[in-house]
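Enquirer: The amino acid sequence is not available; the structure is as follows:
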């Protein structure tokens, strides 16, 4: 049975769409308003987007219009991503029609993390995108040294590490992981700053502990995400079970899959977090689900290591979509221009925004 485009868009945004359904979605988008994908010019898209602009926090619309705009914005962003990235080559003449001025471009984030022994002064650069500890099969040669290591990812870097127990961790940009070369006989223990996704190997008699400034987490074997900064720690459980307590080790709460808990000082509270967004960054994608442009810009600044000059642009506009993080900054900006009409220019490592 043919699915509605709304159903397909929902599955696309949730990251659950199959390849067959994705082909159907692209085909339906190609037929949208009688255009084939190759024949869509920017002027035509601009006319379409006059009635298909993303939702705004400042303009309240009747419910049925809000629903239409939400799905229309999704159509534009998915179509733009499809057109720019997947099958249609970007020809110089077609680029020239886009309202984007670019003196330079900036490549996608690089994969170079840094590691040092706890008592060492200087970091050593790692030339691979992943590493396995203590002699396990590895893309990076086995690293050995101090009993505790500090792994750090700067802006524009993500890194995958497999610990000696088989647990796999993914570090997002500007994150740090303190871990031992080998765990003790009774427990496994690491310390985290920033954002790290954990896939912990199950060991019945050897629990896994994660520590941040605001929270302590006990794990038996599970998939979960920890996002920590100076203000709070948010733990999101995807599969399995974890026990989360505040920074004093009190007020323990058992999380169920799909739940998120935020810890700040002595307090912990349940919060809402997008699990598809977490899994998307692990898999190398930006994922937006009714995400304000302001939050998207923060992700861009972190990944491409640029500053943002918002000018007088309204950054409350919301976006929906899933786009590869391997694309250059200005390729990404072109997609946003098609979706929002906002113009982008990169000058001296600053991304300038201007109303379309």
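Expert: Thanks, I have it. Bear in mind that the values here come from a model prediction, so they are computed numbers and not experimental data.
Enquirer: give me the number of residues near residue 306?
Expert: Applying other C-beta atoms under 10 Å, we find 19 residues neighbouring residue 306. C-betas here are computed from N, CA, C, even on glycine.
Enquirer: Who are the contact partners of it?
Expert: Residues in contact with residue 306 (C-beta atoms under 8 Å, 6 or more residues apart in numbering) are 106, 300, 329, 346, 349-351.
Enquirer: And it, how close does it get to residue 352?
Expert: Going from residue 306 to residue 352 by C-beta to C-beta, to the nearest Å gives 10 Å.
Enquirer: Show me the common contact partners of these two, please.
Expert: Residues touching both residue 306 and residue 352 (C-beta under 8 Å, 6+ apart) are residue 346.
Enquirer: mind listing which of the contacts of residue 306 are in strands?
Expert: 346, 350-351 (DSSP state E).
Enquirer: Show me which of those is closest to residue 205.
Expert: Each of the ones in strands among the contacts of residue 306 was checked against residue 205 using C-beta to C-beta; the closest is residue 351, at 51.1 Å.
Enquirer: Walk me through the regions of the stretch 51-200 of the chain where pLDDT falls short of the threshold, as ranges.
Expert: 51-104, 106, 108-111, 134-146 (pLDDT under 70).
Enquirer: could you redo the last one with a cut-off of 50?
Expert: Along the stretch 51-200 of the chain, the model assigns pLDDT under 50 to residues 51-53, 55-69, 82-103, 135-146.
Enquirer: And the strands in it, which stretches?
Expert: With DSSP state E, counting those that start in this stretch as the criterion, the stretch 51-200 of the chain has strands at 114-117, 124-125, 130-132, 148-153, 159-162, 168-171, 175-180, 188-199.
Enquirer: Model confidence score at the spatially closest residue to residue 219 that is not a sequence neighbour, please.
Expert: Spatial nearest neighbour of residue 219, excluding adjacent residues (C-beta to C-beta, 6 or more residues apart in numbering): residue 208 at 4.2 Å. Residue 208 carries a pLDDT value of 96.
Enquirer: Show me what residue 208 bridges to in the sheet.
Expert: Using DSSP bridges, the beta-bridge partners of residue 208 come out as residue 188, residue 219.
Enquirer: Verify the stated contact: it with residue 163.
Expert: No. With contact defined as C-beta atoms under 8 Å, residue 208 does not reach residue 163; the gap is 9.3 Å.
Enquirer: what do the two both touch?
Expert: Listed as contacting both residue 208 and residue 163 by C-beta under 8 Å, 6+ apart are 188, 190.
Enquirer: Residue 116 and residue 124 touch, don't they?
Expert: Yes. Using C-beta under 8 Å, residue 116 is in contact with residue 124, at 6.3 Å.
Enquirer: which one of these two has more residues nearby?
Expert: Neighbour tally, residue 116 and residue 124, criterion other C-beta under 10 Å: the higher count belongs to residue 116, 16 against 13.
Enquirer: ok, that one - contacts?
Expert: Residue 116 neighbours (C-beta under 8 Å, 6+ apart): 122-124, 149-150.
Enquirer: ok, what's across the strand from residue 152?
Expert: Residues in beta-bridge contact with residue 152 (DSSP bridges): residue 114, residue 176.
Enquirer: Can you tell me how far it is from residue 335?
Expert: Look at residue 152 and residue 335: by C-beta to C-beta, they are 30 Å apart.
Enquirer: neighbour-wise, which of the two wins?
Expert: residue 335 (24 against 19).
Enquirer: A strand includes residue 331, no?
Expert: No. Secondary structure of residue 331 (DSSP: H, G, I helix; E, B strand; the rest coil): helix, not part of a strand.
Enquirer: And the pLDDT at it?
Expert: 91.
Enquirer: Could you do residue 252 as well?
Expert: 94.
Enquirer: Could you give the number of residues near it?
Expert: 13.
Enquirer: Would you list the phi and psi of it?
Expert: Backbone geometry at residue 252, expressed as degrees, to the nearest 10, gives phi -60, psi 130.
Enquirer: ok, it - contacts?
Expert: If you count contacts by C-beta under 8 Å, 6+ apart, residue 252 has them with 243-245.
Enquirer: Would you check how far apart it and residue 211 are?
Expert: 14 Å.
Enquirer: again, but for residue 332
Expert: Taking C-beta to C-beta as the measure, residue 332 falls 35 Å from residue 211.
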